[in-house]
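Trainee: Just to be clear, the model below is a prediction. Sequence and coordinates:
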Amino acid sequence: MAASYAELPNRLVSGANGVDYAYRDTGPTAGGVPLVLLQHFRGNLDSWDPALIDALAASRRVITFDNAGVGGSTGTTPDTIEQMARDAIAFVAAMDLAQVDLLGFSIGSFVAQQVALTRPAIVRRLVLASAAPQGAAGMHGWAPEVIGAVGTPVTRPEEYLGVFFARSSSSLAAGQEAMRSMYARTDDRDAATSWATREAQYDAVCTWGIPNHALLQRLSALDMPVFVANGVRDPMILPHYSYLLAGLIPQASVKIYPDAAHGFLFQHHAEFAADVEAFLR
């Protein structure tokens with residue numbers, strides 16, 4: 001039986017760009033296209049809910065990693081999504097992966113879009129969770145209460161729950177369970193993300209969100225199947241951006257999960273993993 005995500009060792013692989021990438025690798029390795037995950041704002045390897053990763057890895061290889069300058073990876077966190085995408089491409093090459101499926105979450109969904117546009121040959125299918133297109137109106141930075149919750153030097157659990165989960169008792173209970181799962185690992189935890197990473201990532205988010213209607217047309221170039229998903233009460237990236245994305249991408253489908261916010265994929269981990277597996281299959 002494969003080890004749970006919470007028990008996996010942190011590994012390093014060296015990219016041609018000089019970055020040593022921290023990553024974890026789970027699920028069956030024989031055959032199939034691996035699923036590579038791109039993490040949210042300020043997140044590291046331990047910011048994934050092990051329950052979600054274990055569900056995704058039940059039938060396929062799943063790889064999580066810290067992009068350049070994040071967590072246990074070396075290098076400097078870039079302040080543009082474009083460079084983050086090039087660093088992600090370097091990681092895929094370092095892992096000797098000819099083609100991957102990509103799942104990008106939050107800022108990771110921005111990077112995933114850019115990877116698919118910059119190097120479409122390596123992306124078979126694309127999953128965009130809590131996502132928005134570059135240039136969309138209303139995305140130039142986050143609401144003050146959101147950045148106050150997740151953008152401070154020390155983020156408190158209550159603030160994380162308030163952004164990643166809805167205000168209902170069921171959603172908050174799911175959030176508390178996800179946090180227990182994330183913090184159950186005590187040995188060999190990933191390095192915490194730095195304040196420099198936070199600043200660079202938020203600069204990238206703000207630049208990505210500068211209103212520019214012409215940039216929306218870039219997405220018509222994506223010719224692979226795309227699954228777009230979000231929680232109905234996401235305060236960070238509103239769900240109407242999911243519908244906008246799905247309307248701009250030729251082969252896109254969209255699903256909005258009920259009673260959920262930014263962390264819908266942790267709250268509804270079993271359902272989301274089943275939806276992703278059906279989409280990838």
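Mentor: Now that the structure is in, tell me what you want to look at.

Trainee: Show me the beta-bridge partners of the nearest residue to Leu8 once chain neighbours are set aside.
Mentor: Leaving aside its chain neighbours, Leu8 sits nearest to Arg24 (4.4 Å; criterion: Cβ to Cβ, 6 or more residues apart in numbering). Every residue, glycine included, has its C-beta placed from N, CA and C. Beta-bridge pairing of Arg24 under DSSP bridges involves Thr64.

Trainee: Asn10 is in contact with Arg24, correct?
Mentor: Yes: using Cβ atoms under 8 Å, Arg24 is in contact with Asn10, at 6.5 Å.

Trainee: Give the residues shared as contacts by those two.
Mentor: Leu45 (Cβ atoms under 8 Å, 6 or more residues apart in numbering).

Trainee: between those two, which one's more packed in?
Mentor: Neighbour totals were compared for Arg24 and Asn10, and Arg24 leads with 23 against 17 (other Cβ atoms under 10 Å).

Trainee: what ranges do the strands span in the stretch 151-281 of the chain?
Mentor: 226-231, 252-257 (DSSP state E, counting those that start in this stretch).

Trainee: how about the last one: buried residues?
Mentor: To tie it back to what came earlier, the one meant is strand 252-257. Across strand 252-257, burial judged by 16 or more other Cβ atoms under 10 Å covers Ala252, Val254, Lys255, Ile256, Tyr257.

Trainee: ok, residues contacting it?
Mentor: Against strand 252-257 from outside (Cβ under 8 Å, 6+ apart): 225-232, 239, 242-243, 245-246, 264, 267-268, 271-272, 275, 279.

Trainee: do that again at 6 Å, thanks
Mentor: Residues from elsewhere that reach strand 252-257 (Cβ atoms under 6 Å, 6 or more residues apart in numbering): Val226, Phe227, Val228, Ala229, Asn230, Gly231, Val232, Pro239, Ser242, Ala246, Phe264, His268.

Trainee: would TSV of those with neighbour count, distance to Pro34 and pLDDT be doable?
Mentor: Shown next, in TSV, are these (neighbours: other Cβ atoms under 10 Å; distance: Cβ to Cβ, whole Å; pLDDT from 0 to 100):
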residue	neighbour count	distance to Pro34	pLDDT
Val226	27	18	98
Phe227	23	17	98
Val228	25	21	98
Ala229	28	20	98
Asn230	30	24	98
Gly231	29	26	98
Val232	15	30	98
Pro239	21	29	97
Ser242	26	25	98
Ala246	20	25	96
Phe264	31	23	98
His268	22	23	98
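
Trainee: which one among these gets closest to Arg61?
Mentor: Nearest to Arg61, judged by Cβ to Cβ, of those is Phe227 at 18.3 Å.

Trainee: I'd assumed Leu126 was in contact with the closest one.
Mentor: No: in this structure, Phe227 is not within contact of Leu126 by Cβ atoms under 6 Å, at 7.4 Å.

Trainee: just to revisit the earlier point, among the strands of the stretch 151-281 of the chain, which is nearest Ser73?
Mentor: strand 226-231 (26.4 Å).
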